[in-house]
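[1] Kindly return the folded structure for what I paste below:
(chains A and B)
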Amino acid sequence: DVKVTQSSRYLVKRTGEKVFLECVQDMDHENMFWYRQDPGLGLRLIYFSYDVKMKEKGDIPEGYSVSREKKERFSLILESASTNQTSMYLCASSLYQEEGNEQFFGPGTRLTVL
Amino acid sequence: AQKVTQAQTEISVVEKEDVTLDCVYETRDTTYYLFWYKQPPSGELVFLIRRNSFDEQNEISGRYSWNFQKSTSSFNFTITASQVVDSAVYFCALRGGSGGSNYKLTFGKGTLLTVNP
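    Numbers count the residues shown, from 1 in each chain, chains lettered A, B, ... in the order given. Here you go, the predicted structure:
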């Protein structure tokens, strides 16, 4: 079974702090994704990566950056956390193929910025 | 641009009732992929099904069935004889088949299904 793990289930940070959210997958997937989920807005893509050191902006990249130094790990960075970044953050991974491979999701990190 | 609409924000049924969750999509791609995911209260999205645009056969898996109709751009999900464990948020999603940034999933806003005993 594919397993996607995220470093924390719950996180509380202060405004202005630098925040790291870590995601690790164990199935050698090329693609990895970061989403945020907010009530009434569904899931929105922040960034994704299709290879080590490669990244592309999603729909809402402002205020975020990412890092992928190793294939299995994809980090989301909030350079200076703000209260409007309070949200559920979901990481996902999928195989790289032309076919529409399904994404497998981690359990999520609920981040609160005070 | 791609778009997925789940018009039903919340549905409440009594156990053993059948329930259909609607999904309507928009895309200009001739090849595309549709998905359904389940998000139980624990929060983790669980993959349920993937359907390719060139395969319009309906699919049944136990109490779950999916009706894909290209003519109406719909990919509806039916749960037969619902159970309390089916209570969750269900998301429909679309991925384009064209080149470039075609890995992205476009999600609908989800339908909260509550099955009451």
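
[2] check which helix or strand covers residue 75.
    Defaulting to chain A. In the assignment (DSSP states H and E), A:Ser75 maps to strand A:73-78.

[3] um, chain B though
    Going by DSSP H and E, B:Phe75 is part of strand B:74-79.

[4] before we move on, what about B:Arg51?
    Assigned by DSSP H and E, B:Arg51 belongs to strand B:46-52.

[5] Whatever helix or strand comes next after that strand near chain A anywhere?
    Sequence order places strand B:59-61 as the next helix or strand after strand B:46-52, per DSSP H and E. No. Strand B:59-61 stays clear of chain A (C-beta under 8 Å from any C-beta of the partner chain), getting no nearer than 14.2 Å. C-betas here are computed from N, CA, C, even on glycine.

[6] In its sheet, which strands sit next to strand B:59-61, and in what direction?
    Strand pairing for strand B:59-61, using DSSP bridges, gives strand B:64-69 (antiparallel).

[7] Let me see the mean pLDDT of stretch B:54-74.
    Averaged across stretch B:54-74, pLDDT comes to 91.

[8] Tell me which residues are up against the strand holding A:Ser75.
    Contacts to strand A:73-78, defined as C-beta atoms under 8 Å, 6 or more residues apart in numbering or on different chains, come from residues A:13, A:17-25, A:32-34, A:46-47, A:49, A:63-68, A:85, A:89, A:91, A:93.

[9] Kindly recompute the last result at 6 Å.
    A:19-24, A:32, A:34, A:49, A:65-68, A:85 (C-beta atoms under 6 Å, 6 or more residues apart in numbering or on different chains).

[10] any idea how far B:Ser74 is from the spatially most central residue of chain A?
    Compute the mean C-alpha point of chain A, and by C-alpha atoms, centre = their mean the closest residue is A:Trp34, 2.6 Å away. Using C-beta to C-beta, to the nearest Å, A:Trp34 is found at 29 Å from B:Ser74.

[11] now swap in A:Asn84 and tell me
    For A:Asn84 relative to B:Ser74 (C-beta to C-beta), the value is 34 Å.

[12] picking that back up, for the contacts of strand A:73-78, give me TSV that also has pLDDT and distance to chain B.
    What follows is the contacts of strand A:73-78, written out as TSV (pLDDT from 0 to 100; distance: C-beta to the nearest C-beta, whole Å):
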residue	pLDDT	distance to chain B
A:Val19	97	19
A:Phe20	97	20
A:Leu21	97	15
A:Glu22	96	16
A:Cys23	97	13
A:Val24	97	15
A:Met32	93	10
A:Trp34	96	12
A:Ser49	92	10
A:Ser65	96	18
A:Val66	96	14
A:Ser67	96	18
A:Arg68	95	14
A:Gln85	97	18
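
[13] Strands - which of the residues you listed land there?
    Taking DSSP state E as the definition of strands, these contribute A:19-24, A:32, A:34, A:49, A:65-68.

[14] Filter these down to the buried ones and hand me the PyMOL line.
    Selection of the buried residues among the ones in strands among the contacts of strand A:73-78 in PyMOL, burial being defined by 16 or more other C-beta atoms under 10 Å in any protein chain shown:
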select buried, chain A and resi 19+21+22+23+24+32+34+49+66+67+68
